[in-house]
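Undergrad: Sequence first, then the predicted structure, then my questions.
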Amino acid sequence: MIEGLSPHVLDLLCLGLSILMFTCYNVFIWWKLKTDPIYTIQGATNLARRAWVVQIMEEKNDILAVQTLRNATMAGTFLASTAILLSVGVLSLTGQADNLGQTWHALNILGSTQKNTLALKLLVLLINLFIAFFSFSSSIRLYNHVGFMINVPCADGNYSTSLTFVAMQLNRAARHFHNGMLAFYYLVPLIFWIFGPLFLLGSTMLMICVVFFLDRTPKLYCDYITAYEQMSCKL
């Protein structure tokens, strides 16, 4: 077993470092989300969604709710379908590994150029795509549940609990959607991994910088977002 893994040591080591860097970054974002929600766009949109649920359920604006959730469901459906199509494309590449391996390994300086190494890379790429598919599918399922719950009046009079539960489910759906987008973002380093392990590390660091720019809430809007937090305090 160890002898079989020896040609892939550098590739597996770089993959582990890449996953560790991406995981540490997301742990940092999760920590900032708990301590300072407005620091990240995820926290800001969580507050906005909570305020939106309060507004929709109190004003009984059912049409707006259905249209907004339909748009979110369509986005999740499109990305889930894209993940499956990409998975089929990756599977089709496995039958052409002999022809494509020479081209893909032209820039591979330190990594392994064996056929089973390429198969390992494609397998990891497939796993990442399936994670994206299930994340987007879970978000679609929750968006559909919210579509029913947001239009149902609370019969027992416990209206605040109803608001809180609907907002929680809506934010859960958005969280699954965000996880699917993270899987899509990580596709970029995995694709560069095909050309060599050093490309994997370099593209991972570059992708973390890009994702941080996307995750950080612009300072210009921090005061504006605070209003969402005050409105959602009813929950």
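TA: Everything's here; your move. The model shown is predicted, which means the values in this text are computed figures rather than measured ones.

Undergrad: mind checking pLDDT for residue 192?
TA: pLDDT recorded at residue 192 is 87.

Undergrad: right, and it touches residue 202 too?
TA: Yes: between residue 192 and residue 202 a contact is recorded at 7.4 Å, counting by CB atoms under 8 Å. Heads up, the C-betas are built off the backbone N, CA and C, glycines and all.

Undergrad: So between these two, which is more surrounded?
TA: Taking neighbours as other CB atoms under 10 Å, residue 192 and residue 202 compare with residue 192 leading, 21 against 14.

Undergrad: Worst mean pLDDT across the helices and strands of this structure, which element?
TA: helix 2-5 (a mean of 51; mean pLDDT, DSSP states H and E).

Undergrad: Next secondary structure after that one?
TA: Per DSSP states H and E, the first helix or strand lying C-terminal to helix 2-5 is helix 9-35.

Undergrad: ok, then the element right after that next one?
TA: helix 41-59.

Undergrad: what angle do that following helix and helix 9-35 make?
TA: Relative orientation of helix 41-59 and helix 9-35, computed by axes from the mean of the first three to the mean of the last three CA atoms, to 10 degrees: 40 degrees.

Undergrad: for helix 41-59, packing partners?
TA: Helix 41-59 sits against helix 9-35, helix 62-94, helix 159-193, helix 197-215, helix 222-231, with contacts defined as 3 or more CB pairs under 8 Å, 6 or more residues apart in numbering; DSSP states H and E.

Undergrad: With distance to residue 147 as added columns, please give those helices in CSV.
TA: Formatted as CSV, the helices and strands packed on helix 41-59 follow (distance: least, CB to CB, whole Å):
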stretch, distance to residue 147
helix 9-35, 26
helix 62-94, 5
helix 159-193, 10
helix 197-215, 27
helix 222-231, 22
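
Undergrad: hey, which of the ones you listed is tucked in deepest?
TA: Most buried of the helices and strands packed on helix 41-59 by mean neighbour count (mean count of other CB atoms under 10 Å) is helix 159-193; its value is a mean of 19.

Undergrad: Next, the angle helix 197-215 makes with that helix.
TA: 150 degrees.

Undergrad: chain center to helix 159-193, what's the gap?
TA: 6 Å (CA atoms, centre = their mean, to the nearest Å).

Undergrad: just stretch 60-68 next, same as before
TA: 26 Å.

Undergrad: re earlier: and the helices and strands packed on helix 41-59, which one averages the lowest pLDDT?
TA: What stands lowest among the helices and strands packed on helix 41-59, in mean pLDDT terms, is helix 222-231, with a mean of 54.

Undergrad: Pretty sure residue 38 sits against residue 46.
TA: No: between residue 38 and residue 46 there is no contact, the gap being 10.1 Å when judged by CB under 8 Å.

Undergrad: tell me the contacts of the closest residue to residue 200 other than its chain neighbours?
TA: Nearest non-adjacent residue to residue 200, counting by CB to CB, 6 or more residues apart in numbering: residue 193, 3.9 Å away. Contacts here follow CB atoms under 8 Å, 6 or more residues apart in numbering; on that basis residue 193 touches 11, 14, 15, 18, 121, 124, 199, 200.

Undergrad: And these, which two are furthest apart?
TA: The most widely separated members of the contacts of residue 193, counting by CB to CB, are 124 and 199 (14.4 Å).

Undergrad: got the contacts of residue 193 as JSON lines, with distance to residue 170 columns?
TA: JSON lines is the format used below for these (distance: CB to CB, whole Å):
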{"residue": "11", "distance to residue 170": "41"}
{"residue": "14", "distance to residue 170": "38"}
{"residue": "15", "distance to residue 170": "35"}
{"residue": "18", "distance to residue 170": "32"}
{"residue": "121", "distance to residue 170": "37"}
{"residue": "124", "distance to residue 170": "32"}
{"residue": "199", "distance to residue 170": "39"}
{"residue": "200", "distance to residue 170": "36"}
